[in-house]
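>>> my questions concern the predicted model and sequence given below.
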Amino acid sequence: QVQLVESGGGSVQAGGSLRLSCAASGRSTSNYAVGWFRQTPGKEREFVATIERLGGSTRYADSVKGRFTISRDNPKNTVYLQMVSLEPEDSAVYYCAASGLLLPTVVSAYNYWGQGTQVTVSS
């Protein structure tokens, strides 16, 4: 079992930056790929980024490539999502999740989820 807790969300103006953190407890996160997803009211949860268990490979949604960077610190059991050049369209609840697969991009591939953190970007 893995418990995940997101933090770092908040309100920023367009063009600003935020860094989200996903802290894990229970089994070590080095056993899992960790992904970030986001969701707005009335829409399905969408893939943002994922990083394989040792941090050597990453994958991003086209909408965030070049602006978001996912990284991990396995000794600290923490995964980060650095977000720069934020746009109002990035506003959502952001979730981190853990998967036993390599670099999954679909919700159904993730077994453990955090409770989410709100990101609001104003124009």
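Sure, I can see it.
>>> tell me the centre residue of this structure?
Nearest to the geometric centre of the chain sits W36, at 2.3 Å (CA atoms, centre = their mean).
>>> pretty sure that one belongs to a strand, no?
Yes: using DSSP: H, G, I helix; E, B strand; the rest coil, the secondary structure at W36 is a strand.
>>> pairing partners for it in the sheet, please.
A49, C96 (DSSP bridges).
>>> confidence score at it?
pLDDT for W36: 98.
>>> so what's it up against?
W36 makes contacts with L20, C22, V48, A49, T50, I70, V79, L81, Y94, Y95, C96, A97, as judged by CB atoms under 8 Å, 6 or more residues apart in numbering. C-beta coordinates here come from the backbone N, C-alpha and C atoms, glycine included.
>>> list the contacts for the nearest residue to the fifth one once chain neighbours are set aside?
With CB to CB, 6 or more residues apart in numbering as the measure, G35 is the residue that lies nearest to T50, at 3.7 Å, once sequence neighbours are left out. For G35, the contact set (CB under 8 Å, 6+ apart) comprises F47, V48, A49, T50, I51, C96, A97, A98, S99, P104, T105, Y110.
>>> what about the residue lying closest to the second one once chain neighbours are set aside, distance to G42?
Of all residues beyond its chain neighbours, the one nearest V48 is W36 (4.3 Å), with distances taken as CB to CB, 6+ apart. Separation of W36 from G42 (CB to CB, to the nearest Å) stands at 20 Å.
>>> likewise M83?
Separation of M83 from G42 (CB to CB): 22 Å.
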